[in-house]
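Asker: A predicted structure for the sequence below; I have some questions about it.
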2 protein chains.
Amino acid sequence: MKALIVHAHPEPLSLNSALKDIAVTTLQKAGHEVQVSDLYAMRWKSGIDAEDFGLATTGRLDVAHDSGRAYETDALSADIATEQAKLLWADTVIFQFPLWWYSMPAILKGWVDRVFTYRFAYGVGEHTETKYGDRYGDGTLAGKRAMLSVTIGGKESHYTDRGINGPVDDLLFPIHHGILYYPGMEVLPPFVMYGTSRVSDGDFADAAKAWEQRLLTLEATDPIPFRRQNGGDYEMPSLRLHEGLESPGSAGFGLHVRG
Amino acid sequence: MKALIVHAHPEPLSLNSALKDIAVTTLQKAGHEVQVSDLYAMRWKSGIDAEDFGLATTGRLDVAHDSGRAYETDALSADIATEQAKLLWADTVIFQFPLWWYSMPAILKGWVDRVFTYRFAYGVGEHTETKYGDRYGDGTLAGKRAMLSVTIGGKESHYTDRGINGPVDDLLFPIHHGILYYPGMEVLPPFVMYGTSRVSDGDFADAAKAWEQRLLTLEATDPIPFRRQNGGDYEMPSLRLHEGLESPGSAGFGLHVRG
């Protein structure tokens, strides 16, 4: 396995950094190759701007068009090109982060916004009335696997089906489906640790053990069965799910997971 | 009306910047006071770190604890304190941004991550077995109203109930409910413009007119009827919605909107 770990926490002594360290050690001991993108340590730049695409800042920036042109002409800034190369190298990508305001920290969103350029992660393949690109199961990163490892300060019951924050699977859907599955990666069920505002030594030992177990069984873990865009389940050109395909009672994001 | 507009696009000649300019002009002409936080122009810092809280970088950073202590002792970095003051000044907060990877641009997430500190936006009020804080309808920003103005490159049908990207209301729920309603703001239905990869002059004129209309009717617009955490709809301490309160067929995020 060639694993890329993308890590987003400012504190090297944090729980998140400890979980990242466990991933590195566990995977390396099991004989796998590991690269780490420690975004805070790298002082990762979060905001897309004209400098990312080798442009003078005087022109009118068109993020999609200019990022695609820079990708195709090897004019992307070096930090972005390096991360794209790591993604192409890896067969497995693990994201370690705390859930902040029900999504990823800004620095990790900035990694996605800047590295997932047009022509690399979106705007790939034929876009016509009968086909709308290689995405959601197809794309540049097809054949690779991704997994989130997320720490959540609050209580697990708040994130259940009827919980006040919304179900954790729905909160993570825009990342799982919209960011990772979109450019083609299969997405494994996340490793989620709750109640991380207060973690006892015993809690940490239990979590560390569970995390190691997940890491050592990665290759045997089935991905979330999202529906492939180009697998016949969607009407064209509306890309609405054909009537009758869903499991009884499913709705919203759940429609896009095979029953 | 005292309106704060938080704007997140790197290009002053972009559609998003044009919509921001329309908001400023329209509201000022109607006699309202307007402040703008133009995050790219301000070179807003996205990543939380120890420097935000006046800390030496040698200690162990605890984001919640340290941000709360800095808030309570007026030790937050000046850029954060300024934005908190703008929020306290405003009665209406408008967010203008492009939907990137099904969420807000990193620079705007960085505004939320850094400005919405512990004790200001979360960790407010009594946390016991019978009450879990002033949030979701109560909190520091209660009595204010918020609205998103979002541009989306893709097609509207892809964002409908059965659309492949998921329903736009669900994609925006973590922002509407998890970020804006959480510290107490009422949230108005969003202004969403689709198909913004290609916008003709006619499309723009139509959108500008619709946007002006939304702005001029802001004060008469009903908010999304999210359920108040402390209004009796949730079991304690699980904070799961009581059985039987939901509209028939509603599930997931939709449970937390009154029928």
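Answerer: Looks like it came in fine. Residues are numbered from 1 along each chain as shown, chains lettered A, B, ... in the order given.

Asker: Pretty sure residue A:157 sits in a helix.
Answerer: Yes. Checked against DSSP: H, G, I helix; E, B strand; the rest coil, residue A:157 lies within a helix.

Asker: I'd like to know how far it sits from residue A:24.
Answerer: 32 Å (CB to CB, to the nearest Å). Where you see a C-beta, it was placed from the backbone N, CA and C, and this is true even at glycine.

Asker: what do you get for residue A:87?
Answerer: From residue A:87 over to residue A:24 (counting by CB to CB), the distance is 18 Å.

Asker: who's more crowded, these two?
Answerer: Neighbours per residue (other CB atoms under 10 Å in any protein chain shown) separate residue A:87 from residue A:24, with residue A:87 holding more: 22 against 18.

Asker: how about the more buried one, what does it touch?
Answerer: A:4, A:93, A:115, A:141, A:144 (CB atoms under 8 Å, 6 or more residues apart in numbering or on different chains).

Asker: Out of those residues, which is nearest to chain B?
Answerer: Ranked by distance to chain B (CB to the nearest CB), these are led by residue A:115 at 10.7 Å.

Asker: Please identify the nearest residue in space to the closest one, excluding sequence neighbours.
Answerer: Distance criterion CB to CB, 6 or more residues apart in numbering or on different chains; nearest residue to residue A:115, sequence neighbours excluded, is residue A:83 at 4.4 Å.

Asker: and what of residue A:89?
Answerer: Using CB to CB, 6+ apart and skipping residues adjacent in sequence, the residue nearest residue A:89 is residue A:2, 6.0 Å away.

Asker: repeat for residue A:239
Answerer: residue B:164 (4.3 Å).

Asker: Would you mind confirming that that neighbour makes contact with residue B:158?
Answerer: Yes. Counting by CB atoms under 8 Å, residue B:164 touches residue B:158, with 5.4 Å between them.

Asker: okay, and the common contacts of these two?
Answerer: In contact with both residue B:164 and residue B:158: residue A:239, using CB under 8 Å, 6+ apart.

Asker: And the helices in the stretch 51-200 of chain A, which stretches?
Answerer: Secondary structure of the stretch 51-200 of chain A (DSSP state H, counting those that start in this stretch): helices at A:63-72, A:78-89, A:106-115, A:168-175.

Asker: Any part of the last one near chain B?
Answerer: Yes. Contact between helix A:168-175 and chain B is present through A:170-171, A:173-174 (criterion: CB under 8 Å from any CB of the partner chain).

Asker: Could you identify which of the residues you listed has the most neighbours?
Answerer: residue A:173 (27 neighbours).

Asker: Run through the bridge partners of residue A:96.
Answerer: Going by DSSP bridges, residue A:96 is paired in beta bridges with residue A:7, residue A:149.

Asker: my guess is it contacts residue A:22, does it?
Answerer: No. If you go by CB under 8 Å, residue A:96 and residue A:22 don't touch, sitting 9.6 Å apart.

Asker: Apart from its chain neighbours, what residue comes closest to residue A:174?
Answerer: Nearest one to residue A:174, counting by CB to CB, 6+ apart, is residue B:102 at 4.0 Å.

Asker: what sits against that neighbour?
Answerer: A:174, A:178-179, B:165-166, B:171.

Asker: just those residues now: which is nearest residue B:64?
Answerer: residue A:174 (23.7 Å; CB to CB).

Asker: which residues touch the residue lying closest to residue A:226 once chain neighbours are set aside?
Answerer: In this structure, residue A:226 finds its nearest non-sequential neighbour in residue A:181, 5.1 Å apart by CB to CB, 6+ apart. Applying CB under 8 Å, 6+ apart to residue A:181 gives the contacts A:136-137, A:187, A:226.

Asker: Name the residues of the stretch 1-150 of chain A found near chain B, please.
Answerer: So the stretch 1-150 of chain A meets chain B at A:10-11, A:13-14, A:40, A:44, A:46-50, A:60-64, A:98, A:100-107, A:109-110, A:112-114, A:116, A:136 (CB under 8 Å from any CB).

Asker: Show me which of these are buried.
Answerer: Buried members of those, counted by 16 or more other CB atoms under 10 Å in any protein chain shown: A:10-11, A:14, A:40, A:44, A:46-50, A:61-63, A:98, A:100-107, A:109-110, A:112-114, A:116, A:136.
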